[in-house]
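Engineer: fold the following for me, if possible:
(6 chains)
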Number of protein chains: 6
Amino acid sequence: MFAHNKRLQYTVRVAAPNPGLANLLLEQFGGPQGELAAACRYFTQAVSEDDPGRKDMLFDIATEELSHLEVIGSIVAMLNKGAKGQLAEAVEQEAELYRSLTGGGNDSHITALLYGGGPALTNSAGVPWSAAYIDTIGEPTADLRSNIAAEARAKIVYERLINVTDDPGIREALGFLMTREIAHQKSFEKALHSIQPNFPQGKLPGDPKFTNVYYDLSKGDDARGPWNEGGDWEFVAKPEPAVDGGDGTASVNVPENDLEVLKAMAGRTASDTSVDPTTGADLGSGQATSVK
Amino acid sequence: MFAHNKRLQYTVRVAAPNPGLANLLLEQFGGPQGELAAACRYFTQAVSEDDPGRKDMLFDIATEELSHLEVIGSIVAMLNKGAKGQLAEAVEQEAELYRSLTGGGNDSHITALLYGGGPALTNSAGVPWSAAYIDTIGEPTADLRSNIAAEARAKIVYERLINVTDDPGIREALGFLMTREIAHQKSFEKALHSIQPNFPQGKLPGDPKFTNVYYDLSKGDDARGPWNEGGDWEFVAKPEPAVDGGDGTASVNVPENDLEVLKAMAGRTASDTSVDPTTGADLGSGQATSVK
Amino acid sequence: MFAHNKRLQYTVRVAAPNPGLANLLLEQFGGPQGELAAACRYFTQAVSEDDPGRKDMLFDIATEELSHLEVIGSIVAMLNKGAKGQLAEAVEQEAELYRSLTGGGNDSHITALLYGGGPALTNSAGVPWSAAYIDTIGEPTADLRSNIAAEARAKIVYERLINVTDDPGIREALGFLMTREIAHQKSFEKALHSIQPNFPQGKLPGDPKFTNVYYDLSKGDDARGPWNEGGDWEFVAKPEPAVDGGDGTASVNVPENDLEVLKAMAGRTASDTSVDPTTGADLGSGQATSVK
Amino acid sequence: MFAHNKRLQYTVRVAAPNPGLANLLLEQFGGPQGELAAACRYFTQAVSEDDPGRKDMLFDIATEELSHLEVIGSIVAMLNKGAKGQLAEAVEQEAELYRSLTGGGNDSHITALLYGGGPALTNSAGVPWSAAYIDTIGEPTADLRSNIAAEARAKIVYERLINVTDDPGIREALGFLMTREIAHQKSFEKALHSIQPNFPQGKLPGDPKFTNVYYDLSKGDDARGPWNEGGDWEFVAKPEPAVDGGDGTASVNVPENDLEVLKAMAGRTASDTSVDPTTGADLGSGQATSVK
Amino acid sequence: MFAHNKRLQYTVRVAAPNPGLANLLLEQFGGPQGELAAACRYFTQAVSEDDPGRKDMLFDIATEELSHLEVIGSIVAMLNKGAKGQLAEAVEQEAELYRSLTGGGNDSHITALLYGGGPALTNSAGVPWSAAYIDTIGEPTADLRSNIAAEARAKIVYERLINVTDDPGIREALGFLMTREIAHQKSFEKALHSIQPNFPQGKLPGDPKFTNVYYDLSKGDDARGPWNEGGDWEFVAKPEPAVDGGDGTASVNVPENDLEVLKAMAGRTASDTSVDPTTGADLGSGQATSVK
Amino acid sequence: MFAHNKRLQYTVRVAAPNPGLANLLLEQFGGPQGELAAACRYFTQAVSEDDPGRKDMLFDIATEELSHLEVIGSIVAMLNKGAKGQLAEAVEQEAELYRSLTGGGNDSHITALLYGGGPALTNSAGVPWSAAYIDTIGEPTADLRSNIAAEARAKIVYERLINVTDDPGIREALGFLMTREIAHQKSFEKALHSIQPNFPQGKLPGDPKFTNVYYDLSKGDDARGPWNEGGDWEFVAKPEPAVDGGDGTASVNVPENDLEVLKAMAGRTASDTSVDPTTGADLGSGQATSVK
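Structural biologist: Numbers count the residues shown, from 1 in each chain, chains lettered A, B, ... in the order given. Okay, the predicted model is just below:
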């Protein structure tokens, strides 16, 4: 069960309203690498996790991400404070409101018109948050790797947002949020490697014929590195189909009665390659007479 | 530039049509952990990558994933071979067709009705593939971690699909595809760690006050492990807002003229807590007279 | 800031695993009327609300909805407990696993294959949760009405789920969750009507010429009721365009230089109605000679 | 069956083209609170409604909303009239076209490039309209509340659009559309309350132990009001799990043979908390030797 | 402006309720090739069309498609008539309701649970309708081709639905709807070819060096036909990059000050290919010591 | 199986970085009419096609579209080259970065912040690519028409992009890509008409009573043309329901036991039209006393 304290995890001090910046910050509120995604990711993993240590860690971090969602949402709300009032109350200055809505140079208009200045669960382009952003699959050795990667991405997006802000209070709060992603990433790394072995993930081993093979399928400016040479890598310079030694075709044993049907379909839709038919494009480009 | 050879990377031998299984396999064709997602992920990274080694590797693997997409799509096409013909040609046996469409116990009906038995870029629930599945952000130390996690997930989904199939030809082909995810994962790991340092990602360091802190925000059945004890972890057993030492509120300096507007809005929408108003729920539950 | 207690708000006692039922219950986990939608709806309103009473209420209820999300997710996890293990560990009984995945008669296969039996933020058809479900617009007199309606819908979906379950522990927990929607709906009603006036919403009054007019635009089986007769309703039996008394056309003053361009476009794309052109359909239906 | 009259329900007089404003108005064409959503919402309810009075009302209003969709679409078309021609015909002034496409300060570029200046079924951020916006669930006492809320939201969005426009013809037409939302809202209110009782919705009563309880889950700046005090409210100041008196855990009776499997899975994925494993983060941050 | 007559364009006589069939029919209600898509497609084109003949035709057909939407929705409502009542009223027979919801073998459960048996704007897999299905771009010679193709697809989906139905009343109504797609397709063909020339679409001619070239990029089982031989086709058997005669690279002139920055970025993220780094996969597979 | 050559199909020479233009070009990278959609469309058709000629053609063109995707992606990468570096490395000039992110007048900010300057699979409004854009249904006579229309649309979008660019290298490359759409369209036209007959698509003929009927459903400014007069058109000037001669109602034979249930539901939700109930709107507008 959750509880809430109206004091934020980190104090938010915004120098002045700025709807354009508010819109950019939505990236970490309702964007793919944002805090709702993080909270949902860890919360759903926690609910179905059976290992007590990982379950505890996932709930701890999910709860913190919810608290981060509140911090970033509060910054957005502060940055939109003026715009919210103007839109709701001012009815005498349309031209100016229009300019402020369309002059921000980004998508802040959607926040204003559709969401009234409130923090919306969209990214900075106005795309609604989607659970398609969450890649949890229910196997801890895979999910922990997904979590590590998610924290890495969130860290970078925070860094970019810090780079476009000169409001010291916002930079400080974003710096805190960015730092916590680093800490979470470290926890997930430790949790991953306390499961041994954790690679390859799952139970089925790979087929040894193909586990250490590297197919050089893109030609020109080829490069070698530890990802395709050294160790136990087998580098296949000219990969040819089919690598299993078969003929590379696809086949299926179709029941007798279906064969008839398939033959009928093939006949009905057969291409007659012996004629050069007049086409709609011919009709439209003056290469055929168009009046019957 | 791409070229294509009509022979598949791996020979596909399907024992018998099975639209229900075809539908499950769509998970790796148009699903979030499937081959289109993999190919798009690495291809878009390759296009914008400047490092020649990583660019080469990304194009090599992207090209292989496209070839895998073709293999899994070919299996789906073979499994649907009979259904495709029946739906297109048979017009005399509606009841039986209805049963075959709705008796598969999963979503194969959508493949049949909407896609005519062809492999569709949806997952096994019929949800269209979305680029929201791709989490590339344009920073190699983050993207390589995302790639490692993506391969880990794909490996597991293949393992699950193998577990529900007893067609030996399909199992063999799926085994090949699963194995290649392992190989790709190894390549991405090597590529990640040939960039040093690669943690934390990006340029901005974390704030040392918060980098090694673990907040114990979920109570009950608490557990300790290397993710929150040992090393340089500082374990905060009772986290209190605000961790920066401030009062945990959010504030913004609003321009003078906006203050008036905000006050007007507050007045207009103020809650009067001194009365217990009759409500629509009262009207609807017989707790208020409902005839004027 | 949020905190978490690993004890649930309501104790969950599931009689036996049932992946098919688990899938149906996802409707209230990641579906449009489910608990994530509720929690996000009230949380985002709370963050931008300035009125202290409403802010407090919105945070109280948002926090409870998060706790409900945990309850429903825990039921789903219990119902999938067996399936999760079977899929992860059993590699010898493919045919049976296939039957259990496709025999449930609904979309439980997607939960298993893609999410490994964990509670996924999708509805019961496998559609990922979307913030498009949230209709908050940042004006309390509208948002409270939206909240009232949302609780009404959630109450009904819980009622339907109770109607398809005979597991007493699940029925009891769902009954609790359903009841809480009723309580929340009552709170939102009270909060709405403590703002006076709250209708029409916003500042701009309606145009009195059209506020009380009812246009009878659908003919046949016409019916009258308090929604179109009595009170101050003006019933327009034969609505004709344009109701403003104008000619019902759309016009715009286009700058001189654009007129030239528009004339050029009109000329280029003009339809010549004086001929009966041969078409691609003619070519395809044997009504025109098809060999040049 | 529908019929159409090419005269609009309300005459549209646009002073001058303005693609930026056209883009903002898309909010009520293809946005979540727009006229397509309204028309689809009431039309689908009408089709399945059995009560003759409500069915008539729903068809009346659905038909009017389609007519509104035409009005708002016609305004958008007029505002884009110049842009449409320029893009289609002018091939000599690329720099100017580029400026006009990117200088509007909002998303009008997408309307131009992708839709050629026609009214597109997207919101003002370019997000395609989605039936996920429609919250109809097929129970009239819930759906009417949803309709009331939908009209309330649409009224506000029209008010905001009026506030950013100074073209008198557009303001007049938007004023008409806004007013009609008020009239529709009144009809839906009357229809709701002519069903008695209508609260709680549906057949199942709430559990009296929890119907009048208010849980104070968010602490700090607590406030009281008619939503949590007075009447029959029971205010729980310190809610503790589990409110049913149980232990707040989740349990399920797992069949014997599944227990074995679950134990195997637990063993395979167990965390070893006795070691502090080296991790990928250690490798990447120089805290471990990285050459084998 | 629209008007409505409660009599359907085509009389609907359903032999018996069948929620499973209702679900399949949703394909033409809220599916990609369904009637809402058709109506929206032609309506939005009509609104922005300036040519009076095409505008009239588009409104005529859009209005008919709305009437078709009503016919197909009414069939769905009839097929769900029993289910709707059972779910709303029956509270004593949970096991049976569960069986009926999950025994249909397709996604009818979502219609019941979430939409209460009403016709929902989803396809037969439960995916909400999206304006992404509409491909109108605002150029009549392209849009008419899109309309022709859309009618062709709708005709086929109706044919498939007829093939799985043996209810004579439904077959008759679907036969009517299918036939009308044929008639509309013919109208759009005539409208397309009364614009001359209509190919290539738009104003810019193709580059004659590449207009008639066919690149044979897929090898194996090559075939020739009128699409790549005869006429003015130039068949390039071995296409090599770059076809413009250049070196096939991508280049850009980067400003001086950016070069410094790019060099810094390259340095920071450079791969060191001279070492074979230990990786997380090594740590996880026992190929590296994992205890510090 | 695919192979890749790192030389592009067409050499890309970009004069100078321009993130705003890069953003517009995304329309043909990850937009609905773009190259990924084209490649996926033809590739999936190729995989399930049985006719050797069409299969070969579809693979040839799919492979070329992948190569086009690479060309357009490379242009985007070049145009973003400077922005990518600035965002990743520059940490001292926040105000300037903010201006460059928000001053572009379109959605380039999302490319920068979320994707780090890499080419993302979104359209120019930031909407992620969706397989909902693909309208393949698995019947060649329909799919070829869809392909023809898709090429027509892509040609126009390229023309528009050329019209807003004055960079000669980009114009040349876009001109090549536009031209290839023309060539592909011609191939698909030839392939369509080498199947005879190809209209109407599929096997079921239309009902001759309705195949040649045109319903004049939109009144005012009526126009005649070959799409509704001449040939075998039957023009119905006053279409009346129901066109089958029936009464235009919808009916279903409901089983006896369901009738009871439906009657109960009707009773429970009946509207009482004999009273004028007080409503929430009355309570909110001061038309009813609001204190109990």
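Engineer: give me phi/psi at the nearest residue to residue A:116 once chain neighbours are set aside?
Structural biologist: Leaving aside its sequence neighbours, residue A:116 sits nearest to residue C:138 (C-beta to C-beta, 6 or more residues apart in numbering or on different chains; 2.3 Å). Where C-beta positions appear, they are placed from N, C-alpha and C, glycine not excepted. The phi and psi values for residue C:138, taken as degrees, to the nearest 10, are phi 90, psi 20.
Engineer: got it, and residue A:128?
Structural biologist: According to degrees, to the nearest 10, residue A:128 has phi -60, psi 140.
Engineer: same check on the one 4 residues further on?
Structural biologist: Note on residue A:132: its backbone torsions stand at phi -60, psi -20 [degrees, to the nearest 10].
Engineer: can you check residue A:200 too?
Structural biologist: Per degrees, to the nearest 10, the backbone of residue A:200 is at phi -70, psi 150.
Engineer: same thing with residue A:198?
Structural biologist: phi -120, psi 10.
Engineer: wait, what's in contact with the closest residue in space to it that isn't next to it in sequence?
Structural biologist: Among residues not flanking residue A:198 along the chain, residue E:284 sits closest, at 3.8 Å (C-beta to C-beta, 6+ apart). Counting by C-beta atoms under 8 Å, 6 or more residues apart in numbering or on different chains, residue E:284 touches A:141, A:192, A:193, A:196, A:197, A:198, A:199.
Engineer: do stretch A:121-132 and chain F meet?
Structural biologist: Yes: using C-beta under 8 Å from any C-beta of the partner chain, stretch A:121-132 reaches chain F at A:123, A:124, A:125, A:126, A:127.
Engineer: so for the one helix or strand in chain A whose mean pLDDT sits lowest, what gets flagged as buried?
Structural biologist: The weakest-scoring helix or strand in chain A, judged by mean pLDDT, DSSP states H and E, is helix A:94-102 (a mean of 74). Neighbour counts over helix A:94-102 (16 or more other C-beta atoms under 10 Å in any protein chain shown) mark A:94, A:97, A:98, A:100, A:101, A:102 as buried.
Engineer: how about it and chain C, touching?
Structural biologist: No: applying C-beta under 8 Å from any C-beta, one finds helix A:94-102 separated from chain C by no less than 12.3 Å.
Engineer: next secondary structure element downstream of that helix?
Structural biologist: Remark: after helix A:94-102, the chain's next helix or strand is helix A:108-115, criterion DSSP states H and E.
Engineer: pull the next helix or strand after that following helix out as PDB, backbone CA atoms only.
Structural biologist: Counting by DSSP H and E, the next helix or strand C-terminal to helix A:108-115 is helix A:140-163. Provided in PDB are the C-alpha atoms of helix A:140-163 (Å, rounded to 0.1, in the frame of the first residue of the first chain):
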ATOM      1  CA  PRO A 140      14.700 -11.300 -14.100                       C
ATOM      2  CA  THR A 141      18.000 -11.800 -16.000                       C
ATOM      3  CA  ALA A 142      16.500 -10.100 -19.000                       C
ATOM      4  CA  ASP A 143      14.400  -7.500 -17.100                       C
ATOM      5  CA  LEU A 144      17.400  -6.400 -15.000                       C
ATOM      6  CA  ARG A 145      19.400  -5.700 -18.200                       C
ATOM      7  CA  SER A 146      16.400  -3.800 -19.500                       C
ATOM      8  CA  ASN A 147      16.300  -1.800 -16.300                       C
ATOM      9  CA  ILE A 148      20.000  -1.000 -16.500                       C
ATOM     10  CA  ALA A 149      19.600   0.200 -20.000                       C
ATOM     11  CA  ALA A 150      16.500   2.300 -19.100                       C
ATOM     12  CA  GLU A 151      18.400   4.100 -16.300                       C
ATOM     13  CA  ALA A 152      21.300   4.700 -18.700                       C
ATOM     14  CA  ARG A 153      18.900   6.400 -21.200                       C
ATOM     15  CA  ALA A 154      17.100   8.400 -18.500                       C
ATOM     16  CA  LYS A 155      20.500   9.700 -17.300                       C
ATOM     17  CA  ILE A 156      21.300  11.000 -20.700                       C
ATOM     18  CA  VAL A 157      18.000  12.700 -21.300                       C
ATOM     19  CA  TYR A 158      18.400  14.500 -18.000                       C
ATOM     20  CA  GLU A 159      21.800  15.600 -19.000                       C
ATOM     21  CA  ARG A 160      20.500  17.000 -22.200                       C
ATOM     22  CA  LEU A 161      17.700  18.900 -20.400                       C
ATOM     23  CA  ILE A 162      20.300  20.300 -17.900                       C
ATOM     24  CA  ASN A 163      22.200  21.500 -20.900                       C
END
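Engineer: report whether helix A:140-163 contacts chain C.
Structural biologist: No: under the criterion of C-beta under 8 Å from any C-beta, chain C is not reached by helix A:140-163; the shortest gap measures 8.8 Å.
Engineer: what is the orientation angle of that helix with helix F:94-102?
Structural biologist: 110 degrees (axes from the mean of the first three to the mean of the last three C-alpha atoms, to 10 degrees).
Engineer: any idea how far helix A:140-163 is from the middle of the chain?
Structural biologist: 11 Å (C-alpha atoms, centre = their mean, to the nearest Å).
Engineer: low-scoring pLDDT stretches of the stretch 101-250 of chain A, where are they?
Structural biologist: Applying pLDDT under 70 to the stretch 101-250 of chain A flags the ranges A:103-106.
Engineer: so what's the residue in the stretch 101-250 of chain A positioned nearest to chain F up against?
Structural biologist: Residue nearest to chain F within the stretch 101-250 of chain A: residue A:125 (2.8 Å; C-beta to the nearest C-beta). If a contact means C-beta under 8 Å, 6+ apart, then residue A:125 has A:107, D:125, D:126, F:107, F:109, F:110, F:122, F:125, F:126, F:127 as its contacts.
Engineer: check those residues and tell me the two furthest apart.
Structural biologist: For those, the maximum inter-member distance is 14.5 Å, found between F:109 and F:127 (C-beta to C-beta).
Engineer: give the helix, strand or coil label for residue A:230.
Structural biologist: Following DSSP: H, G, I helix; E, B strand; the rest coil, the label given to residue A:230 is coil.
Engineer: swap in residue A:270?
Structural biologist: coil.
Engineer: ok, residue A:196 next?
Structural biologist: Going by three-state DSSP: residue A:196 is coil.
Engineer: quick one: it and residue D:272, what's the gap?
Structural biologist: Distance, residue A:196 to residue D:272, by C-beta to C-beta, to the nearest Å: 6 Å.
Engineer: those two: which has the busier surroundings?
Structural biologist: residue A:196 (18 against 14; other C-beta atoms under 10 Å in any protein chain shown).
Engineer: would you agree that one is in contact with residue D:274?
Structural biologist: No: look at residue A:196 against residue D:274 with C-beta atoms under 8 Å: they stay out of range, at 11.5 Å.
Engineer: ramachandran coordinates for residue A:215?
Structural biologist: phi -100, psi 120.
Engineer: who is it paired with across the strands?
Structural biologist: Per DSSP bridges, residues listed as beta-bridge partners of residue A:215: residue A:236.
Engineer: what's the residue in chain A that chain D sits nearest to sitting at in phi/psi?
Structural biologist: Residue nearest to chain D within chain A: residue A:126 (2.8 Å; C-beta to the nearest C-beta). With angles defined as degrees, to the nearest 10, residue A:126 sits at phi 90, psi 10.
Engineer: contact partners for it?
Structural biologist: Counting by C-beta under 8 Å, 6+ apart, the residues that residue A:126 touches are A:107, A:110, A:111, D:107, D:123, D:124, D:125, D:126, D:127, F:125, F:126.
Engineer: mind running it again at 6 Å?
Structural biologist: A:107, A:110, D:125, D:127 (C-beta atoms under 6 Å, 6 or more residues apart in numbering or on different chains).
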